[in-house]
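Trainee: sharing a model prediction with you, sequence too.
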Amino acid sequence: MARAKRILITGASSGIGRALALRYADPSRSLALFGRDAARLEAVADACRAKGAAVETASVDVRDRHAMAARVAQAGEREPVDLVVANAGVATGLSPGQIAEDPEAVRGIFAINVLGVLNTVEPAIAAMCARRSGHIALVGSMAGLRGLPYSPAYCATKAAVHLYADSLRGALAPHGVNVSLIVPGFVTTPMTERLEAWQPGRVSDERAAEIILRGLERGAAVIAFPLFVYYAIRLFRNLPPRIVDAVMRRFDVSVPQTHEREQPSLERERS
């Protein structure tokens, strides 16, 4: 594949998004970094500029469809965006003894993890198809491969991202646009630091960024890591569901509930 020179990344202020921005930063590239925390986003931008990259930032919430459409279009005005990485996402789940997730948190995570992906990707499709080039990458999760009893909504959102990526890949390939699904396992980020659970195969965010960059450069349809976790979960999917459910329930896991809500305005009113 042609080397991406103009790259847009959402959720770039921390975690995988931040690490990926720093990994891509060099004098031959320009970056459009999206995030909600303006101070953290500018700190990432400054670090990327110090490595020679041209950087623009957009303090925008992926839940805001109209703002995202405007910002994505603006990012492509100076030069076409070669690569869009829909990375922004949050997690939520259950603590021991908790039976059901908070409905507000559930709708909040769907708004960010699913609608936020649509709001990122949709504005880029027409321009990429028109010039018959471009690359769209969507960040899923191992949790999107099989439902987990301690994080129902998160698993559902990532499963939706996986199927959306699969569908887009087939739909856009005839128009010269490549689509990649990124399926990370446990990565050292602020999100996983709050998770109380066994985290097999956890890698640093820098290592995750390196694996993702190499996969994207070769145009991989699926970039999954670590592979032993990926194939183990795929195996579990073929076992009797009740057996797998029983095994999963034996793990002592606590997933913090997200404070995100369905609408950005509603979140501000409650904070």
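Mentor: Now that the structure is in, tell me what you want to look at.

Trainee: every contact and neighbour count from this point should use C-alpha atoms.
Mentor: OK.

Trainee: Asn238 versus the spatially most central residue of the chain, what's the distance?
Mentor: Geometric centre of the chain, nearest residue: Asn87, 2.7 Å, by C-alpha atoms, centre = their mean. Relative to Asn238, Asn87 is positioned 29 Å away (C-alpha to C-alpha, to the nearest Å).

Trainee: same question for Ala43.
Mentor: 45 Å.

Trainee: who's more crowded, these two?
Mentor: A direct count of neighbours by other C-alpha atoms under 10 Å for Ala43 and Asn238 places Ala43 higher, at 13 against 9.

Trainee: name the element that one belongs to?
Mentor: In this structure, Ala43 sits in helix 38-50 according to DSSP states H and E.

Trainee: so where is the stretch 151-271 of the chain shaky, pLDDT-wise?
Mentor: Counting by pLDDT under 70, the stretch 151-271 of the chain contains low-confidence residues at 265-271.

Trainee: name the residues of the longest helix seen in the chain that are buried.
Mentor: If you go by DSSP state H, the chain has its longest helix at helix 152-172. By neighbour count on 16 or more other C-alpha atoms under 10 Å, the buried set for helix 152-172 is 152-162, 164-166, 168-169, 172.

Trainee: tell me what that helix is packed against?
Mentor: Packing partners of helix 152-172 (3 or more C-alpha pairs under 8 Å, 6 or more residues apart in numbering; DSSP states H and E): helix 103-110, strand 135-139, strand 178-184.

Trainee: and the second one, how far from the chain's centre?
Mentor: Going back to what we said before, that points to strand 135-139. 8 Å (C-alpha atoms, centre = their mean, to the nearest Å).

Trainee: check the first one too.
Mentor: Helix 103-110 has its C-alpha centroid displaced from the chain centroid by 17 Å (C-alpha atoms, centre = their mean).

Trainee: which other helices and strands contact it?
Mentor: Counting contacts by 3+ C-alpha pairs under 8 Å, 6+ apart, helix 103-110 is packed against helix 152-172.

Trainee: repeat the analysis, applying 7 Å as the threshold.
Mentor: For helix 103-110, there is no helix or strand it packs on, judged by 3 or more C-alpha pairs under 7 Å, 6 or more residues apart in numbering; DSSP states H and E.

Trainee: and the next element down the chain from it?
Mentor: Next helix or strand after helix 103-110 toward the C-terminus (DSSP H and E): helix 116-131.
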